[in-house]
Structure formats: structure tokens, C-alpha cells
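K.L.:
this is a predicted model, with the sequence first.
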Amino acid sequence: MGVKVGVIGAGTMGAAIAALFANADYDVVLVDVSEEALKKAKERHEGEILRELKEVGLKKRDEITSKIKYTLDLEDVKDCSFVVEAVVEKLPAKIELLEKLEQLLGEDCIIATNTSSFTPSELAVKLKRPEKFTLFHFSNPPIVREIVEVGGETVGEDFLQKVVDVVKSIGKEPVVLRKDSRGHIFNRFLCSAVAAVGWDFGKFSPPQVDAAMKNLGSPAGFFELLDYIGMDVLLMVQDSLIEVHGGRFELPNGFRWLLERMVEWGKLGKKSGEGFYRWVDGKPEVPEAEPADILPVAAAAVNEALREIEEGIADKETINRAYCLAVGSPVGILDVAEMLGYATILDVLEKKYAETNAETFKPCETLKDMV
């Protein structure tokens, strides 16, 4: 391939991103500040991730570790031509790292961010070459899900084309965003659903919600997805969206308390072996259950998707496609809306808003106009 790729951060996302590049025959430098994180990443590259690559039909090599240099030294990325940061979801840490990277790398190197909540514009504040900086956001689990959200308001057009080609070269589908928005496309309606599900948590169990989600065409359940993401990351992303969008993403107190306790108890989800479910050999143990009524959750997600169209984040087709790719579902978020009916969605939201006064359920103008 002749192209060397750097990945900074060897956690859940970084390890998977490094694997996708190595599998596509790139030479990869995987950097972390923790020897333990690098060791865990290598173990995943030899086992679980290799199995996932095979399961989704992406596997091109019998092993990938020979293509990856595992290192604690950031300097080792200096001759890379494409570098992705996948460090902790904290704005100051990311800004500082990106500034360091730009000083270290060649002028033509593309720097990318796998941020799940911040915008490229916010992260590029100290960069001298913001036009060579792009969003490069995977959905969880990165090996399995086909989407990579790319672009943003800073990146130059010629560089964006190179980024699109890179995404395709690792077997993924690029979804191009022209406008910056915290949470991009998918995480905005995911986080609105998290806020919505919190209001009814206790009325039904995670397996009941997940059974209902699967009935809507999703191969993975809602709480299964939260376990993949990790409670620590989920709270960081939720708080990042609350900071900008306010009450729309606020979690009801009881549900927030639970998520914070889960972090405290080390029940982070898949990466710790237990979250809402126990995880064995990379798979959740989900009991059979009767599907819950998740209409308010679906309605909140549709409402947020329509807001994105309202704001010009992307067009209807792109938003629908992003949902299909991020969830692995044959039906998109707006297909779900058509199935349920926009009048039903408006009615559900109005009732729920009157009952809770939670902004998550406040219908947007586009939805009212459609009805």
C-alpha cells in the first residue's frame, strides 16, 4: 500500500480502527500512553477482532499484528501520511494532542478525529492547517458497522476526496457531513433516544426494550448498543451535547444516577465484561423478553433526525442512510417514521411532553409542518 497510518489511542475504538487499516494492508503505528492498553489491543487483534473481521466478510489477512507497531512514543507517527486520534472524549486533551500532531507531521499529512461528540471546528482551533483536518467517526462496534462520518466545515475539498477514498479502502462507507454539529448525525438521535428511554426506565427492562428495537429491524438492541459504547463514554457524549443543545439531551435524575453508579462500580459494558448485560466471548447474554412499547423513544429519535434536516446537517436520504449503516438495519430512521406515521409521532411526543415537560419530547417545527 505504501501508506503509513497512525492511530492515537488503543482503547475500544482505536484498537478496532488500527485493525481495519492493518487488515487492508496499511502499515499502522498504534500509540497509547498505557502499556496495558497496547497489550489488550494486541490480544484483541489476535482474537476477537480477527473473528469479527471474518464474521462481517472483511478479513483479508490471516493475521494483522505484523502490520502494526505498538508503541508508547508519539514520535513514531512522524512519517505517517494519515493519522487518526481516538483518545478520551475530552475537548482540551484532544486540542492539545492535535496541536502536537500537526507540529510533528509533514505538511501533506491528513489528521483525522474519531470524536463522537465534538465538532471539527472546535477541535481545529489551534491548527495552522485546518483544511487538512477531518472528521473520521466510526460507530460502535467499528468492525461490524459500515459507517464512517467524514468531512466537516474545516476540511478542504481535495483532501476530503482523499479521506473518502481511504474510508472505502478499509471496506467502509463514507457519509459526508458538510456542516458541523456536536454528535454529528447518528449520535444526536442516539442521545435523544437515551434521554427518552430514561423517562420510562423502570417501567420495562433492558431486554424488553431490546426486543422491541429488534422488531423495528435493528440487529442489535438499544441497551446492547449502550454496552458496546460504554457508560463512561456515553455520559461524556451526552454531557457534550447537553453543553451545546441544553435540555433536549438532559437525562432524568434517576437514570443519570444509575449510569453514574455503573461507572463507579466498573460496570462499563462490553469492555469491562458487564454493563446492562454480562458479556461472554465478546457477546452479550440477553434474556428472552416481551417487547416493550418504545414508541416515545422512537418518536424522540425521529424528532431529532428531523431537526438535523431543519438545521441543514445533511439531507433526508443521508440521514436515513446514516441510521441504516450505524445500526446495521435495513430500515432507516425516517423509514421507521413512515411506518409509524408522522401524525402518530407528533401525538406521542405532545402527550409525553405534557406529562414530563422534558425537552427531548418537544416536537420540532418540521414535524408539526409535516402533519
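P.N.:
Everything's here; your move.
K.L.:
report the central residue of this protein.
P.N.:
In the chain, the centroid-proximal residue (CA atoms, centre = their mean) is Ser139; its distance is 3.7 Å.
K.L.:
so how many other residues sit close to Arg129?
P.N.:
When neighbours are defined as other CB atoms under 10 Å, Arg129 has 17 of them. C-betas here are computed from N, CA, C, even on glycine.
K.L.:
just list the residues touching the nearest residue to it once chain neighbours are set aside, thanks.
P.N.:
Closest residue to Arg129 apart from its sequence neighbours, by CB to CB, 6 or more residues apart in numbering: Glu102 at 6.5 Å. Contact criterion CB atoms under 8 Å, 6 or more residues apart in numbering gives Ile111, Leu127, Lys128, Arg129 as the residues in contact with Glu102.
K.L.:
buried set for the strand or helix carrying Glu102?
P.N.:
Glu102 is part of helix 91-104, with elements assigned from DSSP states H and E. Residues Lys94, Ile95, Leu97, Leu98, Glu99, Leu101, Glu102, Leu104 are the ones in helix 91-104 that count as buried (16 or more other CB atoms under 10 Å).
K.L.:
what distance do you get for the second one to Ser117?
P.N.:
I take that to be Ile95. For Ile95, the distance to Ser117 (CB to CB, to the nearest Å) stands at 14 Å.
K.L.:
helices or strands next to the strand or helix carrying Glu224 in the packing?
P.N.:
Using DSSP H and E, Glu224 maps to helix 222-229. Here helix 222-229 touches helix 186-200, helix 206-215, going by 3 or more CB pairs under 8 Å, 6 or more residues apart in numbering; DSSP states H and E.
K.L.:
out of the ones you listed, which gets nearest to Ile242?
P.N.:
Judged by CB to CB, the one of the helices and strands packed on helix 222-229 that comes nearest to Ile242 is helix 186-200, at 8.8 Å.
K.L.:
could you check the angle helix 206-215 makes with the closest one?
P.N.:
Orientation check (axes from the mean of the first three to the mean of the last three CA atoms, to 10 degrees): helix 186-200 against helix 206-215 gives 130 degrees.
K.L.:
so how far is helix 186-200 from its chain's centroid?
P.N.:
Remark: helix 186-200 is offset 14 Å from the chain centroid, using CA atoms, centre = their mean, to the nearest Å.
K.L.:
brilliant, that's me finished.
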